[in-house]
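**Student:** Pasting the sequence and the predicted model now:
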Amino acid sequence: MNKRTKILFILPSSQCGGAEKVLLTIIKHLSRNRFTLFLALIDSDGPLFNRIPNDVALFSFNRKRVSRSFFPILKTVWKLRPDIILTSLFHLNLAFILLKPLFPRNTKVFIRESNLPSFLLNRERSPKLFALLIKLFYSKADRVICLGNSMRDDLINHFRVPSKVILNIGNPVDIDYIKKLSNDYKNPFDKNKVNFLAVGSLTSQKGFDILVDAMESISKERLNLHLSILGDGPLKRKLKRLVSQKGLSSFISLCGFKDNPYPYFYHADHFVLSSRYEGLPNVVLESLALGTPVIAFDNPGCIRDIITNTKQGILVKPCNADILAREMLNAFRLKPSSGQKETLLPEQFLLKNVINRYEELLESV
């Protein structure tokens, strides 16, 4: 019997972020005959905690910052002696590459980049320092997993990461699972209106302020159109105030966080992505999986790896509320699809195809 490869996955928490959801999906579906799986959380807090598979050994360091977790990380790694450590998210990636010389000699470190590094650095207090750290240390990872061509090119051209360590693997979408969840509730929308949907954390990155500006322009047409925004976050009060100040309460609903957003994805007529930047937006993948076309800013990231034809949707000039409003009006004038929707998801994001790519990668050591 062949020895199973031991994989230790690292996540900052079990919050409902895109990277967390993706890695938990991968963990759930990897072959138990070929891999022994472990999961370590820097902080166990978060609603996704209950989605961790019962057969995966779990370690929680109960720290709020990765910099305060170095000792329990080293203790856990030496206890488990995994063949591969797989991390995701920028700060974790850097931390584990820095710690790599202190790990057992045969332990490989694979990092997964979930955003375009050049734009992610704009959120840091010391962007030049972190750019230097990426240049110095990302090349020392055994593999760097990117989500699309733009991310790969960014790492090669701006941070000198060798192409030989980079591999493109997109995010997996379990269509059967989200289709089942989409049928859990009835249509949450007013059927007499054309319904637009946006989903994401209420942060500056997601550009909901731009979307509200676009809706202000659209509202002047007095059309039978409505926008629902799902999500929670630090800008919740500011967005509520903005909607009220612009007199848009009858055109925009801030619906908060939903444990199951998929009935909204399925029953919406159009999905809108107004982000200032993205990696590979899971909300777009899930919308397409449920047959709902997308209007998205052609922002820095991997959106062009997803939307490749007009049936899936349209890409518009980034961060321009007027152009976004125009395309939403164009979409409004099209007759919404009726009856059973067919998936619009490209094949490379199907769950089985992504899991096959990961299993090939993880067995290559």
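**Tutor:** Okay, I see it.
**Student:** Tell me what residue 194 is bridged to.
**Tutor:** residue 225 (DSSP bridges).
**Student:** can you give me the helices for the stretch 251-365 of the chain?
**Tutor:** 262-267, 282-289, 321-333, 351-362 (DSSP state H, counting those that start in this stretch).
**Student:** pLDDT of the longest one, averaged?
**Tutor:** In this case it means helix 321-333. Mean per-residue pLDDT for helix 321-333: 95.
**Student:** Buried ones in that helix, by neighbour count?
**Tutor:** Within helix 321-333, the residues that count as buried by 16 or more other Cβ atoms under 10 Å are 321, 324-325, 327-328, 331-332. Using the backbone N, CA and C atoms, a C-beta is placed for each residue, glycine as well.
**Student:** Could you dump the helices of the stretch 251-365 of the chain into TSV and include distance to residue 223?
**Tutor:** Formatted as TSV, the helices of the stretch 251-365 of the chain follow (distance: least, Cβ to Cβ, whole Å):
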stretch	distance to residue 223
helix 262-267	19
helix 282-289	22
helix 321-333	6
helix 351-362	38
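**Student:** of all those helices, which lies closest to residue 234?
**Tutor:** helix 282-289 (18.7 Å; Cβ to Cβ).
**Student:** So which elements touch the closest one?
**Tutor:** helix 18-29, helix 175-182, helix 262-267, strand 270-273, strand 294-297 (3 or more Cβ pairs under 8 Å, 6 or more residues apart in numbering; DSSP states H and E).
**Student:** Of all those, which one comes closest to residue 198?
**Tutor:** Of all those, strand 270-273 sits nearest to residue 198, with 4.8 Å by Cβ to Cβ.
**Student:** So which other helices or strands are in contact with that closest one?
**Tutor:** By 3+ Cβ pairs under 8 Å, 6+ apart, strand 270-273 packs against strand 194-199, helix 282-289, strand 294-297, helix 321-333.
**Student:** What mean pLDDT does stretch 51-59 get?
**Tutor:** Mean predicted confidence for stretch 51-59 is 90.
**Student:** buried stuff in that stretch?
**Tutor:** 52, 56, 59.
**Student:** again with stretch 219-234
**Tutor:** 219, 225-231.
**Student:** Tell me which helix or strand residue 247 sits in.
**Tutor:** If you go by DSSP states H and E, residue 247 is not part of any helix or strand.
**Student:** count of residues packed around it?
**Tutor:** Residue 247 has 10 neighbouring residues, counting by other Cβ atoms under 10 Å.
**Student:** In contact with it, which residues?
**Tutor:** residue 219 (Cβ atoms under 8 Å, 6 or more residues apart in numbering).
**Student:** so how far is residue 321 from it?
**Tutor:** 16 Å (Cβ to Cβ, to the nearest Å).
**Student:** quick one, helices of the stretch 51-200 of the chain?
**Tutor:** Under DSSP H, counting those that start in this stretch, the stretch 51-200 of the chain gives helices at 70-80, 90-99, 117-120, 127-137, 149-159, 175-182.
**Student:** which one is residue 291 nearest to, not counting chain neighbours?
**Tutor:** residue 341 (2.7 Å; Cβ to Cβ, 6 or more residues apart in numbering).
**Student:** Show me the shaky parts of the stretch 201-350 of the chain.
**Tutor:** 335-339 (pLDDT under 70).
**Student:** rerun at 80
**Tutor:** Along the stretch 201-350 of the chain, the model assigns pLDDT under 80 to residues 335-340.
**Student:** can you count the residues close to the residue nearest to residue 111 when sequence neighbours are not counted?
**Tutor:** Of all residues not flanking residue 111 in the chain, residue 93 sits nearest, at 4.0 Å (Cβ to Cβ, 6+ apart). Residues lying near residue 93 (other Cβ under 10 Å) number 25.
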